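[1] Attaching a predicted model along with its sequence, questions to come.
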Amino acid sequence: MFALTTRSPRAAVRRLAFSRLISLTGTHAAMIALAFTVYQRTGSAVWVSAALLATFAAAGIATPFGGALGDHFDRRRVLIVSDLAGAGTFAVLAFVHDPAWMIALVFLAETVASPSFPAVEAAVPNLAGPDNLAWANGTIGFGRNIGEVLGPVLGGVVAAAGGASLVFWLNALSFGLSAALVWSVRGRFSEEREPGDAEHHGVRAGFVFAWRDRVLRTVALAWMVLLFGVGLTIVGELPLSRAFGVGVVGYSLIAGFWGVGAVVGSLLGKGISRKHERSWLFLGTVGPAVGFGAIAFVPWFPAALACMAIAGGTDAVSTVAFQNMSQRRTPDAVRSRVMAAIDTAVTGTLALSFVAAGPFINAMGARASYAAAGISCLLGAAVLLPIMVRGRQRESATDEIETGVAAA
């Protein structure tokens, strides 16, 4: 049994991580149930694509505004309200059967969930303190990745046994439990606002700050290049499983091994030292390049799964490294908007890659999509090289800008 509330920094982070695990498990389960139900009722892959695009569209449109909420209001309250709104939306969805209305409600659910990610990312330095950033980001990443692994499995099993409505009810419950966990944390989610904080005006302030900061700008551009290729592999997972002759079970294992690798990578990320953050960040482009590139050529399915785990694990470690760096470089007054801006940029690129993926795979084949992803990861690594070189030449406190003044 755990105490009703907690003020310990590590206990606070663990509860926040557990809230993300519960919430994301339910959300990913609900997305699987939604796709299954929409396809069952329409018999059309176009409707399934519409459902998936609705989630990305909502995230792309709403996340910058959600980030602004995290900077202008207490982030603990923002998270609680967001979770409760999500609970209400999925409770309503459990009574809806028309595919068009289901997609509309999922769009709404993604919209009300949009403040969550930037608010959590922005709150971590305040809850954990500067000496525990790697541990905190790795712990929260562990919870997030566990949810992404468990959710699809639970969604498929529960939808098959009890129907999609039951999955939606369970997701509503998961949002409620997440809100309760966040409520139980009594740590500091935001800093006191200073008079100088007024310089960061409006929703666009996050984009402006990220663009002006050399490191944030470079990493965001590198990830955009990288993720355009990764999007091809997401669409190519089912064709790849067919190419190996492993069917639907193999299809689920491909995504599952990426998730298992990501869980391990998050745990490894908890031990990253500040001195080696840039090296781990760079590994997050080279590791997936090796993993995806090898899948294009390996003749055995188990070897392909191992390559997916390598790609997922190195990506997760580099994500923790970047979170550490970006949280230090960004003042609290604009941190939620900066995280939202970067997330919007990379998510938008991923959505664009889905548009290109179908024609590319039809023309070139599933393995070619993994070769293309490997190349895009190497191009992302090339984009990162300037900050890697400069980081080795000048590793100083001013380069990290802990005072909240952005680098030129």
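    That came through, no problem.

[2] all contacts plus neighbour counts: C-alpha atoms, from now on.
    Fine.

[3] buried residues in stretch 350-370?
    350-351, 353-354, 357-358, 360-361, 365-370 (16 or more other C-alpha atoms under 10 Å).

[4] ditto for stretch 265-282
    265-270, 272-273, 277-278, 280-282.

[5] how many neighbours does residue 201 have?
    A total of 12 residues lie near residue 201 under the criterion other C-alpha atoms under 10 Å.

[6] Please apply the same query to residue 73.
    The burial metric for residue 73, expressed as a neighbour count using other C-alpha under 10 Å, is 12.

[7] So what touches stretch 173-181?
    For stretch 173-181, contacts defined as C-alpha atoms under 8 Å, 6 or more residues apart in numbering pick out 15-16, 18-20, 22-23, 25-26, 79-81, 83-84, 86-87.

[8] for residue 230, what are its contacts?
    Residues near residue 230 by C-alpha under 8 Å, 6+ apart: 350, 370, 373, 376.

[9] measure the residue lying closest to the second one once chain neighbours are set aside to residue 205 for me?
    In space, and not counting its chain neighbours, residue 370 is closest to residue 292: 5.1 Å by C-alpha to C-alpha, 6 or more residues apart in numbering. According to C-alpha to C-alpha, to the nearest Å, residue 292 and residue 205 sit 36 Å apart.

[10] more crowded one of these two?
    Summary of the neighbour comparison: residue 292 and residue 205, criterion other C-alpha under 10 Å, with residue 292 having more neighbours (27 against 19).

[11] List the contacts of that one.
    Residue 292 is in contact with 307-308, 311, 370-371, 373-374, counting by C-alpha under 8 Å, 6+ apart.

[12] which among the residues you listed gets closest to residue 170?
    If you rank these by distance to residue 170 using C-alpha to C-alpha, residue 308 comes first, at 29.9 Å.

[13] Next up, identify which helix or strand residue 65 is on.
    helix 45-72 (DSSP states H and E).

[14] which of the residues in that helix are buried?
    Going by neighbour count (16+ other C-alpha under 10 Å), the buried part of helix 45-72 is 47-48, 51-60, 62-72.

[15] Within the helices and strands, which one has the residue nearest to residue 370?
    Of the helices and strands defined by DSSP H and E, residue 292 is found in helix 277-295.

[16] and that helix, what's its mean pLDDT?
    Mean pLDDT, computed over helix 277-295, is 89.

[17] Which helix or strand lies directly C-terminal to that helix?
    Following helix 277-295 toward the C-terminus (DSSP H and E): helix 301-329.

[18] could you give the angle of that following helix to helix 277-295?
    Regarding helix 301-329 and helix 277-295, their directions subtend 160 degrees when assessed with axes from the mean of the first three to the mean of the last three C-alpha atoms, to 10 degrees.

[19] okay, the angle between whatever helix or strand comes next after helix 301-329 and helix 45-72?
    Elements were assigned by DSSP H and E; along the chain past helix 301-329, the next helix or strand is helix 332-364. Calculated by the same axes, to 10 degrees, helix 332-364 forms an angle of 160 degrees with helix 45-72.

[20] list the helices and strands helix 332-364 packs on?
    Contacts of helix 332-364 with other secondary structure elements, assessed using 3 or more C-alpha pairs under 8 Å, 6 or more residues apart in numbering; DSSP states H and E, are made with helix 45-72, helix 116-128, helix 205-212, helix 214-244, helix 366-393.
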